[in-house]
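Trainee: Next come a sequence and a model predicted from it.
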Amino acid sequence: DQQVKQNSPSLSVQEGRISILNCDYTNSMFDYFLWYKKYPAEGPTFLISISSIKDKNEDGRFTVFLNKSAKHLSLHIVPSQPGDSAVYFCAASPYGGATNKLIFGTGTLLAVQP
Amino acid sequence: DAGVIQSPRHEVTEMGQEVTLRCKPISGHNSLFWYRQTMMRGLELLIYFNNNVPIDDSGMPEDRFSAKMPNASFSTLKIQPSEPRDSAVYFCASTYRRPGTGGIGNEKLFFGSGTQLSVL
């Protein structure tokens, strides 16, 4: 059973607009959440993270929001740029981000149209 | 600065053949992970090593899969015999885990470019 779910396999957004990628989780023990970005023919790279003691973390154009009661997090990209086109993976860990316990979602393919 | 290096980039083989995937982690990193990416399950952890010692192989799907890390700069993932359902992208990742932390911390994973495996 998938503990981290990304229900939208793909998303298309116009350049300059906001991209919102969603992620749901089922395990209430998760307390650290991450987003990884993956370009074709490359490995995933770390993008942004958030601890369960926060509800928002911002890094430039990227903001992650966490709603613990709904077991939901989202990644906002504003403004979206064509270079943001990639697959985005949501990941969660029950032990403060312990890498050996990371559970990944299935990914969302973001296409930013010029 | 060289990242995680995986070889080969692509592997096409026939069912029943042995497949060996290779990984060179980032120098100085002491933890190494093997992941498999599929459309249905996303990125799944197969096995990970700390200081060259296998710690958790509970994600290895079957006895057909084995992994070794003979030294700090090299690891292999072997599938013998291979089957069509093993077709996937296999990623190796590494990180530095501070001694004594027990693996609790927000270490960032550094991934290789992956090996695209196709078993016909």
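Mentor: Nice, thanks for sending it over. Numbering: from 1, shown residues only, chains lettered A, B, ... in the order given.

Trainee: tell me which residues in stretch A:97-114 are buried?
Mentor: By neighbour count on 16 or more other C-beta atoms under 10 Å in any protein chain shown, the buried set for stretch A:97-114 is A:97-110, A:112. Where C-beta positions appear, they are placed from N, C-alpha and C, glycine not excepted.

Trainee: Quick one: name the residues of chain A near chain B.
Mentor: Contact residues, chain A versus chain B (C-beta under 8 Å from any C-beta of the partner chain): A:2, A:4, A:6, A:32, A:36, A:41-46, A:49, A:89, A:91, A:95-102, A:104-107.

Trainee: if we can go back for a sec, lowest pLDDT pick from the buried residues of stretch A:97-114?
Mentor: Within these, pLDDT reaches its minimum at residue A:97, with 73.

Trainee: Check for me that it belongs to a strand.
Mentor: No - with DSSP: H, G, I helix; E, B strand; the rest coil as the criterion, residue A:97 is coil rather than part of a strand.

Trainee: Would you agree it is in contact with residue A:34?
Mentor: Yes - between residue A:97 and residue A:34 there is a contact at 7.2 Å, judged by C-beta atoms under 8 Å.

Trainee: Which residues outside stretch A:63-72 are in contact with it?
Mentor: A:22-26, A:28, A:33, A:35, A:48-50, A:52, A:54-58, A:73-76, A:78 (C-beta atoms under 8 Å, 6 or more residues apart in numbering or on different chains).

Trainee: again, 6 Å this time
Mentor: A:24-25, A:48, A:50, A:55-57, A:73-76 (C-beta atoms under 6 Å, 6 or more residues apart in numbering or on different chains).

Trainee: cool, and stretch B:71-79?
Mentor: Contacts of stretch B:71-79 (C-beta under 6 Å, 6+ apart): B:19-24, B:32, B:34, B:52, B:64-69, B:86.

Trainee: Give me the distance from stretch A:73-84 to the chain's centre.
Mentor: 10 Å (C-alpha atoms, centre = their mean, to the nearest Å).
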